[in-house]
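Colleague: pasted the sequence and its predicted model underneath.
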Amino acid sequence: MGKIFFIFLFTFSLGLYAQDSYPQDTFRSPLDIPLVLAGTFGELRSNHFHSGIDIKTQQRQGLPIYAIGDGTVTRIKISLWGYGKALYVAHPNGYTSVYAHLQKFSPEIEEYIKKVQYQKKSYEIEIFPEYGEVKVKKDKIIAFSGNTGGSSGPHLHFEIRSSISEKPTNPLLYGLEVLDATNPTLVRLYGYPLSENAQLNQSTTKSQINFTKQKDGTFLADKVTALGTIGFGFIGFDRQDLAANKNGVYSVRQVVNGKVYTD
């Protein structure tokens, strides 16, 4: 197999692409403050992918958390670890919203929880109320933001899942607005020979590839020579407006010789 010369371009985005399959006008924000993210959906953590978004709460606890839509509480968990105090609300359209690291719940839900705690003689509980037993209304306060469980600072961990499969989806696909006019940053780019006898720039081992940032925010890699099957990896991050956090990138598009190769 002969060597191939090619040039490739990486484009990064944390754009919010509304899709027809995700309702855009059904859910409200869980907070009454501008949404500033400390963590994005799908970020690679130490042993898992991040299943929601982490919303900053202005370094404070006790901010009102609102039900994003009408629904019924299907799960309540209180733990010294993990999500800490967490609330799960199933909505009629087939989605479940999750609110975690809470300081406390609304008075009505707190009263319900205390009865269970006394019955079980335990502070830490996990309960699954009967469907319709604990109802909530859109725009009503259901909890208050906190720093419980495995949280390292005050924030709201927020998820939207499929009620049937419990598969998490990106909450930003549902019309929630986050200010983001800042392009993602590419830090390093690597090439990896994958197949037997594969080479990248005449090397059979991982190679760092130089690149230049273009005016449109994309990144143009230096020309490379390749033999066999090769792969690419990168280190990068995205910042939203009003925050210095280095969050995960929403999507990556690889363009080779002018044609989209991966998206």
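Modeller: Sure thing, it's come through. Numbering: from 1, shown residues only.

Colleague: where do the helices sit along the protein?
Modeller: 107-120 (DSSP state H).

Colleague: domain ranges for it?
Modeller: The chain resolves into domains spanning 4-15+180-262, 37-174 when parsed by automatic domain parsing.

Colleague: end-to-end on the longest one?
Modeller: From its first residue to its last, domain 37-174 covers 16 Å (Cα to Cα, to the nearest Å).

Colleague: pLDDT averaged over that domain, what's the number?
Modeller: What domain 37-174 shows for mean pLDDT is 96.

Colleague: buried deepest among the domains of the chain, which one?
Modeller: Highest mean neighbour count of the domains of the chain: domain 37-174, a mean of 17 (counted as mean count of other Cβ atoms under 10 Å). Where you see a C-beta, it was placed from the backbone N, CA and C, and this is true even at glycine.

Colleague: hmm, back to that, go through the domains of the chain and name the closest to Asp25.
Modeller: Across those, Asp25 has its closest neighbour in domain 37-174 (9.2 Å, Cβ to Cβ).

Colleague: quick one on the thing from earlier: CSV please, covering the domains of the chain and showing distance to Arg28.
Modeller: Output for the domains of the chain, formatted as CSV (distance: least, Cβ to Cβ, whole Å):
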stretch, distance to Arg28
domain 4-15+180-262, 19
domain 37-174, 5
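
Colleague: beta partners of Ala86?
Modeller: Beta-bridge partners recorded for Ala86 (DSSP bridges): Lys77.

Colleague: state the distance from it to Asn170.
Modeller: 19 Å (Cβ to Cβ, to the nearest Å).
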